[in-house]
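1. need a structure here:
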Amino acid sequence: MPPPRTSVTEDRPRRADAQRNRRRVLEAAEAVFSRAGNGATIEDVAKEAGVGVGTVCRHFPTKQALLDEVLNESYRELIVALDAAIGAEEAAAAFDWYVHQLASFQARRRALAEQMASELVMTIDDNLKQEVREKTDELVKRAQVAGALRDDISSADTSMLFAGIAQITAIVGGDRAVRDRYVAVILDGLRPSAANPLPGRPLRYGDLDALKRRLDGSR
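-> Predicted structure coming up:
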């Protein structure tokens, strides 16, 4: 005899339960990784979520898969912040606001800060990464047109500087005074009034991708 069919009404609650468990695991993972960084374990996440390790692994078979999705969720929030900055009336103030938001964002999400501190080896959804790059490029150009950002800097250059902010954040954690001090140093160095000629040419995102390939090949 064929196996009994599962009714639609039985399937729907199961799918809803699975979705709720997945969301619970992601929220727990964000909290755990924010506190403990990449050293957190699957067991830590399961305990935080109030579920078994098996439940976590059904949705995310490895710790890396879980961390990747936490980072992707974080990038979606960064895109929201970028949209807000791009839509602001004052381009200069919007650029400064975004950089401070990014530093604060990294402080709240230690795992993201640790990953951004070594951005060349990040595992991020390509579409999200491309959207962040395009919106960062737009934000930088708006600030340059407004005369608030030196014109020999590219958005890829700022990405490298943002990785530096992430490194500071990963070191000082919740010490906002120290974090803000170095964010201010970076912002001052980006202003036309403080500019001295830079050596070399501005980086392109293709340069960053080439560096990543070179780094991956050396491992």
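2. pLDDT below threshold where in the protein?
-> For the chain, applying pLDDT under 70 flags the ranges 1-14, 111-112, 115-123, 173-174, 195, 198, 218-219.
3. center of it, which residue is that?
-> Geometric centre of the chain, nearest residue: Tyr75, 4.5 Å, by CA atoms, centre = their mean.
4. what's the spacing between that one and Leu187?
-> Separation of Tyr75 from Leu187 (CB to CB, to the nearest Å): 22 Å. For glycine as for every other residue, the C-beta is placed from the backbone atoms N, C-alpha and C.
5. still on that earlier bit, what's the residue nearest to the centre of the chain in contact with, if anything?
-> By CB atoms under 8 Å, 6 or more residues apart in numbering, the contact set of Tyr75 is 124-125, 128-129, 132.
6. what helix or strand is it on?
-> For Tyr75, the enclosing helix or strand under DSSP states H and E is helix 63-86.
7. again, but for Ala94
-> Assigned by DSSP H and E, Ala94 falls within helix 91-108.
8. what angle do that helix and helix 63-86 make?
-> With axes from the mean of the first three to the mean of the last three CA atoms, to 10 degrees defining the directions, helix 91-108 sits at 160 degrees from helix 63-86.
9. and the contacts of helix 91-108?
-> Under CB under 8 Å, 6+ apart, the answer for helix 91-108 is 34, 74, 77-78, 81-82, 85-86, 88, 112-113, 116, 139-140, 142-143, 145-149, 162, 165-166, 168-170, 173-174, 176, 179-180, 183, 186-187.
10. pull out the buried members of those.
-> Buried members of the contacts of helix 91-108, counted by 16 or more other CB atoms under 10 Å: 34, 74, 78, 81-82, 85-86, 88, 112-113, 116, 139-140, 142-143, 148-149, 162, 165-166, 168-170, 179, 183, 186-187.
11. ok, the residue nearest to Arg76 when sequence neighbours are not counted - contacts?
-> Closest residue to Arg76 in three dimensions, ignoring its sequence neighbours and counting by CB to CB, 6 or more residues apart in numbering: Leu128, at 6.7 Å. Neighbour list for Leu128: 72, 75-76, 79 [criterion: CB under 8 Å, 6+ apart].
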